[in-house]
Structure formats: structure tokens, C-alpha cells
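Chemist: Whatever this is, show me its structure:
(2 chains)
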Amino acid sequence: MLEDILRAQAQDLNNQLEDHDADAFMHRLAVRIAEDAASLSRPSRCTRHRPGRRGRAPRNTAAYAHVAAAYPPGGAAPSQPDLPPDPVADPAAVLEHVRGICQQVVSSQEIDSLADFADVYDEAGARTFACLLYTLGRREGALFWWRFAAGAGDPLAAHLLAAYHAAVGTAPDARLWRAFSRLLGFTDRHLPRAAGKLWSPRRPAPCR
Amino acid sequence: MGPQWAWYALVFAAAYRMTGSDTTAWARCVRAASHALARMAVQCVPPHQPPPRTREVWLPPGGPAALGRPRGSHCRHSTKGRAAVTDPSDQEHPLIEPAELPGDFDDFFRRHYKEFLKSVASRMRNLHDAEEVVLEAGLRMYRKWPRIQAHPNPIALAHRILNGEVAGFFRRQARVAGRETSYGELSYADVPTVDDLLFLRQHDDLDRALAELEHLAPKRAACVRLRYLSELSYEEVAERLEISYGTAKVHVSQGLRHLQTLMDLSTRGKGDS
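Modeler: The predicted model follows:
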């Protein structure tokens, strides 16, 4: 019975949150708000320093003690407009992130792993093959071989699956592959370095 | 080595794609493959990997009661099993004093934060991730607090902000996952285990059905989540979604029927009324 399944899950959630400490959580929130205010009061690294305008905050405790002054309670920081959507979370940006990694893979020495792939079906070759398919617009084939590679233990393949599913909005898949990539210990050291100019097909196909 | 990995990969990939709702068979296949994956995962870990960061880093060793300690005596980077409270004079980097929250915001968030956590945890299936989402949503609510206060339905606006954070969470994680998650960075949750994956698999059918329902009929999906997983009354569901009491009941009923179809469950008895 569906309602029984839902009620059982609600009970599980209640059990998890029964001893949840409200004071500690509010403290974490307060620290995060203070951190956010501190980051807003620091000048952006991307802006050129212009003397006489925004100077760098002194690196001492006093700067942090005056965070509240830069971020008055109950409102946004004075210089912040109504918050625009987060560009990092934009689906197109995440898909571009996936495409960029695929181009890096096929432009790096990883491309040599394709030589033996047809014989041994190793995880690196499968992942490289998948990246090649993705850059050629063969999405379904790319997904299959990424799953193959991730199942064989390739952390980068698992990360690419997590990113792809996060971008297209399939949350259960994004959640699963993210957990799997963390289990496999994915970090940026698994990202390949392009050997030269990034390879791209002559007519890049849209891959969604 | 190649043929072995191919075998394990075929086992796992086939299990994930082909066993469907047969969780027992899937679990057997995963366990068979997990031994090799665990060995491989150990090999993937660099020898000098920094210790994992615990989500309890914001609590001083004395627990919440120690929150009244003098400024600067809290430890920001404690690890599990180690009390690392430092003197302000010993700190290399100045600690950030928690912001003083306005009383009405504190009351509002404290009153509803468990409701937010339940709503998010049912989608994240991971309490650490759910806390992260609610904290980010809380930050956004704080920034928009005057607007929320002035809104005729503050809790509805708060839920909209929360849902926005949920939608963007995995995309943001995908963009930052590539960065080094060293000690002191955003590694706020323990590394998942195979048991965590199996836990996700247990809820996979319902979660996929709810995800599909969210795509096809977002209001129905939201009503079902708030009614059953967040355990809100119909009045509360209607308030949070800015719909009428009657519409909330209809959406819940239709949502349940829709889910039963998506999950291929037979309809037995009457729905919730």
C-alpha cells in the first residue's frame, strides 16, 4: 500500500530528526551568515584594484569583528541587489562543465587507452570512449559506457554521470552517482590534463 | 586485470539497469561487485589523504552549552574524536563570530527548520546533505528577510526558497566536486559506503515515481510530499503552496493515484480523505 510506504518513510525521518539539536543548527546558520557577510565585504579577486575605491580589508581579528556592520541584521548587504539565480547551478553551465571535461579527456594522453579498449574493455578505455561519444553528440552511448566504466570503478565516469544527471534534472540518478563518485574517492586529481589544444569535432553536435 | 574489471562492471551495470524493482537480486549483485570495488576504492585513496571533516565542526567540544565561551575560543576545524579548542592567541586565522540573528527571524526559522529538514531529507536521502541545503536556504531567507516579513504568506515564500536550493544542490555539487576536498574544505559528510548505496536503492522506486510526478504534475507531487513525508495537515499544505484547502485535498488524492500508476501498485481501498 502506497500510503503505508509513505507513512513508514515519514516515521524514519522522524526518528532521524528526533534528537536533532536546534541550538547547534541555529549556531551553524549564524556562522554561515557571518561567513557570507565576510565574503561580501572582501573585494573580488576578479576586480582590478583601484586605489581610493575598495581597499582590501586588514587581515586581523578586528575586520571580522565588524562583519555585522557590513551586513546589518534583517536585510541584505547594502551593495547586494535582489539575488540573481546562481550561475553555478545553471543547467547549461553544468552541461558545459561535462562537455569541457570530455574534451579534456579526449585531448589528453587518456586517448591512448582506446587502443586496448576493444580487447580488454578496461574502465579507463570505457570512460574515454564515452567521452568521445559525448563530444560527438551520442548521448545514450556515452551514458552506457560511463555506467560501464563507473561500475568498474572509474571515479571520473561516476562524477560525469552525477553531473550530467544533475544538469538534466534526474535527481535520483544524480544522487546515486554522486554518492558513488564519493565512494570511489573522486577529486580533481582524476581530471585529465589536455596534452595540447582541446580536441573538438568539426561539427559539434548538441548533446542534451 | 582487464577481464576481471569487465566482469565486475558487467555485474554492476547489469544489476543496476536490469533487475528493476527486484531489490534482492540487485543487492546480491552489488555485494558481489562491492568487494572488488572496495579494494579498488582503497587503492584510489592517496596515502596522505587528510582526515575527513565532520559535520560537527561548528560545535565546541563542550557541546551547545559551551556556546557562551569567550570570542575566539571555538574550534572551527575539529575532527572526530579530537577536542581541538584553541586559544585566540594560538590561532593562525581569526575565527568568524556568529552573526547576531534578529529575534523574529530566529523564531521563524527555529519554528520551521525541522519541517524544512524533513521536506529536504526525503529528497536528499542523506541528513548531511539535507542540513547543507537547509543552511543555504536559511542564508537566502536571511538575506530576503524583510521581503519575507512583508509577504502575505511568509512560510510559502520560505518554501519556494527552499525548493530552489534543492533544485540547484546537485548541480552545484557537480561543479565543486572536482575541487580538492581537503581538510577544512566543504567535506561536511562522511564518505558513502556500499550500505548507503543500498539504502538509496531501497527508496529508488518511490523516489523515481515522485521525481516523475514532479516533472508531470509539480503541485500534486508537492502536496503528496508535504502531506505524507512532512506530515502537515491539509490546511498547512494549502498555506505553503498558496492553494485552497479543497484543492490541496484533490491534489493529494490525485497525486497518490498517479504515484500508484507510476509505481505499478494496485489500488486497494480508498485513498486518504
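Chemist: ok, which stretches of chain A are strands?
Modeler: Ranges of strands within chain A: none, based on DSSP state E.
Chemist: Kindly report the domain assignment for it.
Modeler: A:2-70, A:89-190 (automatic domain parsing).
Chemist: Buried deepest among those, which one?
Modeler: Mean neighbour count (mean count of other CB atoms under 10 Å in any protein chain shown) peaks for domain A:89-190 among those, with a mean of 22. Just so you know, the C-beta spots here come from the backbone N, C-alpha and C atoms, and that holds for glycine as well.
Chemist: so what's the spatially most central residue of chain A up against?
Modeler: Closest residue to the average C-alpha location of chain A: A:Ala163 at 6.6 Å, with CA atoms, centre = their mean. Going by CB atoms under 8 Å, 6 or more residues apart in numbering or on different chains, A:Ala163 touches A:Val94, A:His97, A:Val98, A:Ile101, B:Arg171, B:Ala174, B:Arg175, B:Ala177.
Chemist: Compare the domains of chain A and give me the one nearest B:Ile148.
Modeler: domain A:2-70 (14.6 Å; CB to CB).
Chemist: Does the residue nearest to B:Cys223 when sequence neighbours are not counted lie in a helix or a strand, and which?
Modeler: Closest residue to B:Cys223 apart from its sequence neighbours, by CB to CB, 6 or more residues apart in numbering or on different chains: B:His251 at 3.8 Å. Assigned by DSSP states H and E, B:His251 belongs to helix B:245-263.
Chemist: could I get that helix in PDB with only the CA atoms?
Modeler: Extracted in PDB, the C-alpha atoms of helix B:245-263 (Å, rounded to 0.1, in the frame of the first residue of the first chain):
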ATOM      1  CA  TYR B 245      -7.900  23.600   1.300                       C
ATOM      2  CA  GLY B 246     -10.100  21.800  -1.200                       C
ATOM      3  CA  THR B 247      -7.500  22.000  -3.900                       C
ATOM      4  CA  ALA B 248      -4.900  20.500  -1.600                       C
ATOM      5  CA  LYS B 249      -7.100  17.500  -0.800                       C
ATOM      6  CA  VAL B 250      -7.800  17.000  -4.500                       C
ATOM      7  CA  HIS B 251      -4.100  17.200  -5.400                       C
ATOM      8  CA  VAL B 252      -3.100  14.700  -2.700                       C
ATOM      9  CA  SER B 253      -5.700  12.200  -3.800                       C
ATOM     10  CA  GLN B 254      -4.800  12.600  -7.500                       C
ATOM     11  CA  GLY B 255      -1.100  12.500  -6.600                       C
ATOM     12  CA  LEU B 256      -1.500   9.200  -4.800                       C
ATOM     13  CA  ARG B 257      -3.300   7.700  -7.700                       C
ATOM     14  CA  HIS B 258      -0.700   9.000 -10.100                       C
ATOM     15  CA  LEU B 259       2.100   7.500  -8.000                       C
ATOM     16  CA  GLN B 260       0.400   4.200  -7.800                       C
ATOM     17  CA  THR B 261       0.300   4.100 -11.600                       C
ATOM     18  CA  LEU B 262       3.900   5.100 -11.900                       C
ATOM     19  CA  MET B 263       5.000   2.500  -9.300                       C
END
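Chemist: for that helix, packing partners?
Modeler: With contacts taken as 3 or more CB pairs under 8 Å, 6 or more residues apart in numbering or on different chains; DSSP states H and E, helix B:245-263 sits against helix A:2-17, helix B:204-216, helix B:218-224, helix B:234-241.
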